[in-house]
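Trainee: Give me a 3D structure for the following:
(one chain, ligands or ions: 1)
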Amino acid sequence: MKLARIARIGHAALTKDPHPPPCVLGAEDAFSSLRSSLPASFLLGTATASHQIEGGLDNDWTDWERGASREGEPHIKDRTVSGAACDSWNRIEEDIALMRRLGANAYRFSVEWSRLEPTEGAWNEEAADRYLAWALALRAAGIEPMVTLHHFTLPRWVATQGGWMKDRTIELLASFSRKVAKKLGSAVDLWCTINEPNVLATMSYVKGVFPPGLTDSRIAAQVQARMLKAHARMAEAIREADTTDADGDGRATQIGIAHHVRIFQPATRSPLDRLIAGFTDRFFNEAIASAPLTGRIELDIPGVIHIDEAVPGLLGSFDYMGINYYGRDHVRAELRDPSLSKQYVPADRPVSDLGWDIYPEGLYQVLKRYGALGLPVYVTENGIADKGGEVRPSFLRAHFEALVRAAREGVDVRGYFHWSLLDNFEWAEGYEPRFGLFRVDFDHPDKRRTPTPAVETFQEIARGLGLRPEPG
Ligand code: BGC
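Mentor: All right, here's what the predicted structure looks like:
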């Protein structure tokens, strides 16, 4: 396949005015027809990341959280630090009970590199035992674990060696992946190597709001390329180390990446806005998404950097494409900005608490676009910052409908993971945004969890798939 076709579908998504999506499910039968639209093995779950929920960590982010910009602005907008977070490190039974209450049959979580290898050459077997126990407990509860190996954070010792700016990190992460896959392989088949290389590269090296806080798009391109190389090496290491088929489907591993895809809508019909929207789309969406087909890294920032390189092991390293979808940006050319563009949401659009455009049609568009890669697709993240919890039910319903519509039109979509199970530490934003299906009272000594109204919506979807939510 057929890059031209994917590019065409992508281009259509960029340039056509969105039509209101037809309601595929009908209000009265709600989600009761889901079983006939989705595969019997469809995974319905939630997603989290270690730094955002576990608590008690010590890594490049915990250092960053205590800092401020040169102008004196704290790195974390609401001046919080991740600290104890949801204390999920000590509360996995409680969290699994919440998943059972949702009726989920899958859970995506990440293992924390700084916990497992706190210093170079050290290995924390106790922490590894705990992650294995989690995976086994999930399986025992009928919940398929998907394990992410890198979700934004680095151990301090890796960061001080240059982190993603150094090629050595590729081998360090591959060797870490081999150890984790060996340890957890008997309980885990579904592996996600890296979460959102494009977001990490942009936030850390273009916008400077994640560590190490640089604003250099040339470095961002190099980092994104390095992460794809790391993915290939990690995939190889995981396949070598995990030879146990834990779920009995005949395969010991299924490996992919969680790729953040956005819709970039040109702000006007001006050729420059369209050009910049297309360029942003290629840099942010396409560079990663085309890699499984080409086996190459192709990244181009006109006048800044051009990367076009075959990567050994990249072809064949993807068993699936994970899509993290949150919304749409309008794009206007802004040639003085390092990203060459200004991205914004028009004032008349419905938005989340973070001001992000609520655009479920976009999920349908990206699934159609990347379903054409010829790989199975998982929605590895989708969710909304909604403090009051009133918008999340319709958000979830509309996005799930978009997924079902894509599936009915032939997209091989195998699962949906809602971001997130719990309210959590939202990186540079701190604790203010609330993404959880369950609200977390961070001031309570037990980090008390309470359901938001979207729990019922999730349960409805689960029942539609033949799953059985447990009473709370
Ligand atoms: C990240 C999550 C984050 C979520 C909401 C995704 O880009 O993978 O870690 O919390 O978006 O911002």
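Trainee: only C-alpha atoms for contact and neighbour calcs from this point on.
Mentor: Noted.
Trainee: Which secondary structure elements does the helix ranked longest in the chain sit against?
Mentor: With secondary structure taken from DSSP state H, the chain has its longest helix at helix 217-241. Contacts defined by 3 or more Cα pairs under 8 Å, 6 or more residues apart in numbering; DSSP states H and E place helix 217-241 against helix 168-184, strand 190-195, helix 197-205, strand 296-301.
Trainee: and the first one with strand 190-195, angle?
Mentor: Helix 168-184 and strand 190-195 meet at an angle of 160 degrees, taking axes from the mean of the first three to the mean of the last three Cα atoms, to 10 degrees as the criterion.
Trainee: by how many degrees do helix 168-184 and helix 217-241 diverge?
Mentor: 30 degrees.
Trainee: so where's the stretch 351-472 of the chain uncertain?
Mentor: Residue ranges of the stretch 351-472 of the chain with pLDDT under 70: none are present.
Trainee: Apologies, that question was intended for the chain.
Mentor: 1-30.
Trainee: Strands of that one, start to end?
Mentor: Under the criterion DSSP state E, strands of the chain are mapped to 43-47, 106-110, 144-150, 190-195, 254-266, 296-301, 305-310, 321-333, 341-344, 377-381, 413-418, 438-440, 449-451.
Trainee: and these as JSON lines, adding distance to residue 388?
Mentor: As requested, the strands of the chain are exported to JSON lines (distance: least, Cα to Cα, whole Å):
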{"stretch": "strand 43-47", "distance to residue 388": "20"}
{"stretch": "strand 106-110", "distance to residue 388": "24"}
{"stretch": "strand 144-150", "distance to residue 388": "29"}
{"stretch": "strand 190-195", "distance to residue 388": "28"}
{"stretch": "strand 254-266", "distance to residue 388": "25"}
{"stretch": "strand 296-301", "distance to residue 388": "40"}
{"stretch": "strand 305-310", "distance to residue 388": "44"}
{"stretch": "strand 321-333", "distance to residue 388": "18"}
{"stretch": "strand 341-344", "distance to residue 388": "24"}
{"stretch": "strand 377-381", "distance to residue 388": "21"}
{"stretch": "strand 413-418", "distance to residue 388": "17"}
{"stretch": "strand 438-440", "distance to residue 388": "10"}
{"stretch": "strand 449-451", "distance to residue 388": "12"}
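Trainee: Residue 406: which of those is closest?
Mentor: Taking Cα to Cα, strand 413-418 is the member of the strands of the chain nearest to residue 406, at 8.1 Å.
Trainee: Could you give the bridge partners of residue 256?
Mentor: Counting by DSSP bridges, residue 256 is bridged to residue 192.
Trainee: Pretty sure residue 289 sits against residue 371.
Mentor: No. The criterion here is Cα atoms under 8 Å, and residue 289 misses it with residue 371 at 10.6 Å.
Trainee: got any residues that touch both of these two?
Mentor: Counting by Cα atoms under 8 Å, 6 or more residues apart in numbering, residue 289 and residue 371 have no shared contacts at all.
Trainee: which one of the strands of the chain lies closest to residue 84?
Mentor: Closest among these, using Cα to Cα: strand 438-440, at 12.1 Å.
Trainee: Residue 152: how many residues sit nearby?
Mentor: Each residue near residue 152 was counted by other Cα atoms under 10 Å, and the total is 22.
Trainee: for it, what are its contacts?
Mentor: 195, 200.
Trainee: if I look at the residue nearest to residue 40 when sequence neighbours are not counted, how far off is residue 351?
Mentor: The shortest distance from residue 40 to any residue other than its chain neighbours is 7.9 Å, reached at residue 465 (Cα to Cα, 6 or more residues apart in numbering). Counting by Cα to Cα, to the nearest Å, the gap from residue 465 to residue 351 is 29 Å.
Trainee: Please apply the same query to residue 204.
Mentor: In terms of Cα to Cα, residue 204 sits 25 Å off from residue 351.
Trainee: So for those two, which residue has more residues nearby?
Mentor: Neighbour totals were compared for residue 204 and residue 351, and residue 204 leads with 23 against 19 (other Cα under 10 Å).
Trainee: residues touching the more buried one, list them.
Mentor: Residue 204 makes contact with 210, 211, 212, 213, 214, 215, 220, according to Cα under 8 Å, 6+ apart.
Trainee: Nearest residue to the fourth one in space, ignoring adjacent ones along the chain?
Mentor: On the basis of Cα to Cα, 6+ apart, the spatially nearest residue to residue 213 that is not a chain neighbour turns out to be residue 204, at 5.3 Å.
Trainee: I figured the residue nearest to residue 40 was touching residue 34, is that so?
Mentor: Yes. Contact criterion Cα under 8 Å: residue 465 and residue 34 qualify, at 5.7 Å.
Trainee: Contacts only, for residue 68.
Mentor: Residues in contact with residue 68 (Cα under 8 Å, 6+ apart) are 74, 75.
Trainee: What separation do you get for it and residue 76?
Mentor: 8 Å.
Trainee: still on that earlier bit, so how far is the longest helix of the chain off the chain centroid?
Mentor: 16 Å (Cα atoms, centre = their mean, to the nearest Å).
Trainee: ditto for stretch 191-207
Mentor: Taking mean C-alpha positions (Cα atoms, centre = their mean), stretch 191-207 and its chain are 9 Å apart.
Trainee: tell me which residues in it are buried?
Mentor: Neighbour counts over stretch 191-207 (16 or more other Cα atoms under 10 Å) mark 191-207 as buried.
Trainee: same question, stretch 220-240
Mentor: By neighbour count with 16+ other Cα under 10 Å, stretch 220-240 contains the buried residues 220-239.
Trainee: same thing with stretch 442-458?
Mentor: Residues 442, 447, 449, 451, 452, 453, 454, 455, 456, 457, 458 are the ones in stretch 442-458 that count as buried (16+ other Cα under 10 Å).
Trainee: Distance to residue 398 added to those, as CSV?
Mentor: Output for the buried residues of stretch 442-458, formatted as CSV (distance: Cα to Cα, whole Å):
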residue, distance to residue 398
442, 29
447, 30
449, 25
451, 20
452, 17
453, 15
454, 12
455, 15
456, 14
457, 11
458, 12
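Trainee: Identify, from those, the entry nearest to residue 341.
Mentor: residue 454 (35.0 Å).
Trainee: what sits against that closest one?
Mentor: The neighbours of residue 454, taking Cα under 8 Å, 6+ apart as the test, are 389, 390, 392, 393, 396, 437.
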